[in-house]
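Participant: Prediction below, plus the sequence it came from.
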Amino acid sequence: MNTESTKWIDQVIKQDEIDKYLKDGKDFIDEDEIVSKLATNQNPSKEHIRSIIQKSLNIERLSLDETAALLNVDDPELLKEMYEAAGEVKRLAYDNRIVFFAPLYCGSLCVNSCKYCGFRKENHEQVRKFLTKDEVIKETECVIAEGHKRMIVVYGEHPKTDADYIADSIKEIYKVRVKNQNGKEGNIRRVNVNAAPMSIDDLKKLKAVGIGTYQVFQETYHKATYKNVHPAGLKANYKWRLYALHRAMDAGIDDVAIGALFGLYDWKFEVMGLMYHTASLEQTYGIGPHSISFPRLTVASNSELSQNSKYEVSDADFKKLVAILRLSVPYTGLIITAREKPEIRNDVLNVGCTQLDASTKIGIGAYSEKKTKQELEKEQFAIGDTRSLDEVVKYLASIGKITSFCTAGYRCGRTGDTIMCLLNSGTEGKFCKLNAVLTFREYLDDYASPETKAIGEKLIKEELDAISKTSYYKESKLLDVVNDYYKKISEGERDLFI
Ligand code: SAM
Ligand code: SF4
């Protein structure tokens, strides 16, 4: 490593931006307490589990003990009830909408040594690259041409792709406009970020350019495992990462997202870790995570761990953990990425997921190279679902789920605690339903294939019928507004939202 990189690395971690969050020198992950909660909540009675399910159906976040009790359920009858309730909680908080996004990998340079990742610095098989400004624009054009409105930009941790580079790439992405088959302009309306933990000053740079959600996965909450899989580099600092989202809140970014990489340690422990993280954010800022992610370890180039982990999570346990996350934090978004195969994604959608990616390419520059085959030495890990956006939208419409490209929330100030209140009271779902219909109309007219359009038209008609019969919309005059906007969009206006 050259001296410039070493100098950069030395100034990234600000110890005072860890210490200020500790209580009596301790962080919020109490491992003994997690183990004890999992042990004391074993063999829960049916009545107890049913009362927990009912609490969740009332859209209340579960306590740590209640989540631990759900994690100990093995009875097939109760599990079935939990899956049904998880689907119902999703419907109550988010209706039948699924939100779409596309990832854009901007750089594979990395100073870290994560044993599960193809980008780790010791992997000499990896082709290293980061996008120039022109390449960011070209990649964004391809993503817009698919019909996407939301993007998540992803980076390794490296001085060449630091906070200034990230901020510049976000600015460029927001500027790109692409004409579609109708001659209408498409653009990315929300850019979320998945990048390494940063200082509060660096996070303010992202806030200044209009970041949507800031996402950092803790990977594993288990400290000994964390140390083992992150043997060196900036990421070896567990606490710097643990408080990344607290710092984001302090920088004014109030949509933050947590996650764990399932397969590194015991999955029940990790779910508890995610709940402790949620509780800490709620206690400190009055707002929990905007979304939770639960990637499962998939094969990465030159990574023994990614192919052979004793904590691999089975498909059955995966479905269980997704349902438990849904029941435990009813208000949060749940993201299921294209790491998973179509059949798994289709299945866990029914237990409460709210967001999907589609037409996903994770090679650096892969959208404009138009490569269909995966090349692991150019990518972080293998993906399991290569369906196009149109294919997934069509599938969802065929099972009665409407695709939403809504990005109204943050542009109307419905973020952070405002959105949490609205979600908890069920009001946000009411705005979202209308915006889903409006953005779906745009998609059907501008990007859908004839088959998707045919299925989508039927669904959108059912949605409009349901809206016109809902007293809340009639009484609040939102019905008049949505009808007016719908007509204007059908006649060619774009980006109208409520
Ligand atoms: N470099 C930044 C970081 O580590 O925070 C940005 C994120 S990294 C490019 C995105 C995420 O991919 C990681 O947080 C990790 O959870 C996930 N990931 C890494 N290797 C993986 C693998 N082999 N299978 C599945 N997910 C993986
Ligand atoms: Fe780098 Fe992130 Fe991969 Fe770790 S997970 S090696 S920090 S890109």
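Facilitator: Received, thanks. Ligands and ions are numbered 1, 2, ... in the order given.

Participant: Tell me which residue is most central in this protein.
Facilitator: Central residue of the chain (CA atoms, centre = their mean): I335, 4.4 Å from the mean position.

Participant: Check the spacing between it and N182 real quick.
Facilitator: Separation of I335 from N182 (CB to CB, to the nearest Å): 30 Å. Where you see a C-beta, it was placed from the backbone N, CA and C, and this is true even at glycine.

Participant: okay, now F405: neighbour count?
Facilitator: F405 is flanked by 24 other residues according to other CB atoms under 10 Å.

Participant: Contacts only, for it.
Facilitator: Taking CB atoms under 8 Å, 6 or more residues apart in numbering as the contact definition, F405 lies against V99, F100, G147, H148, K149, R150, R189, T439, F440, E442, Y443.

Participant: ok, and the closest non-adjacent residue to L242?
Facilitator: Spatial nearest neighbour of L242, chain neighbours left out: D27 (5.6 Å); criterion: CB to CB, 6 or more residues apart in numbering.

Participant: Quick check: that neighbour touching H246?
Facilitator: No. Checked against CB atoms under 8 Å, the pair D27 and H246 is beyond contact range at 10.4 Å.

Participant: If you count surrounding residues, which of the two has more?
Facilitator: Neighbours around D27 and H246, counted as other CB under 10 Å, are more numerous at H246. The numbers are 21 against 16.

Participant: what's the burial count for the nearest residue to that one once chain neighbours are set aside?
Facilitator: Leaving aside its chain neighbours, H246 sits nearest to Y21 (5.3 Å; criterion: CB to CB, 6+ apart). Residue crowding around Y21 was assessed by other CB under 10 Å; the count is 16.

Participant: My read is that Y21 contacts L245, right?
Facilitator: No. Shown here, Y21 and L245 do not form a contact pair, counting by CB under 8 Å, at 10.5 Å.

Participant: now V136: how far from ligand 1?
Facilitator: 16 Å (CB to the nearest ligand atom, to the nearest Å).

Participant: and that residue, what does it touch?
Facilitator: Applying CB under 8 Å, 6+ apart, the residues near V136 are L104, C106, S169, E172, I173.

Participant: which residues of this protein fall in strands?
Facilitator: Under the criterion DSSP state E, the chain contains strands at 97-107, 150-155, 178-179, 185-186, 190-194, 211-215, 256-259, 291-293, 333-336, 355-357, 402-404.

Participant: which secondary structure elements does the longest one contact?
Facilitator: Contacts defined by 3 or more CB pairs under 8 Å, 6 or more residues apart in numbering; DSSP states H and E place strand 97-107 against helix 133-146, strand 150-155, helix 163-175, strand 355-357, helix 389-398, strand 402-404, helix 427-446.

Participant: export those to a markdown table and tack on mean pLDDT and distance to H290?
Facilitator: Shown next, in a markdown table, are these (pLDDT from 0 to 100; distance: least, CB to CB, whole Å):
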| stretch | mean pLDDT | distance to H290 |
| --- | --- | --- |
| helix 133-146 | 97 | 21 |
| strand 150-155 | 97 | 12 |
| helix 163-175 | 98 | 17 |
| strand 355-357 | 95 | 10 |
| helix 389-398 | 96 | 22 |
| strand 402-404 | 93 | 15 |
| helix 427-446 | 86 | 12 |
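
Participant: between those, which gets nearest to V111?
Facilitator: Ranking the helices and strands packed on strand 97-107 by proximity to V111 (CB to CB) places strand 150-155 first, at 11.7 Å.

Participant: which stretches of the stretch 301-450 of the chain aren't confidently modelled?
Facilitator: In the predicted model, the stretch 301-450 of the chain carries pLDDT under 70 at residues 371-374, 409-429.

Participant: I'd like to know how far I53 sits from R91.
Facilitator: Following CB to CB, the distance that separates I53 from R91 is 14 Å.

Participant: who has more neighbours, the two?
Facilitator: Neighbour tally, I53 and R91, criterion other CB under 10 Å: the higher count belongs to I53, 21 against 13.

Participant: For ligand 2, see how far away that one is.
Facilitator: Distance from I53 to ligand 2, by CB to the nearest ligand atom: 35 Å.
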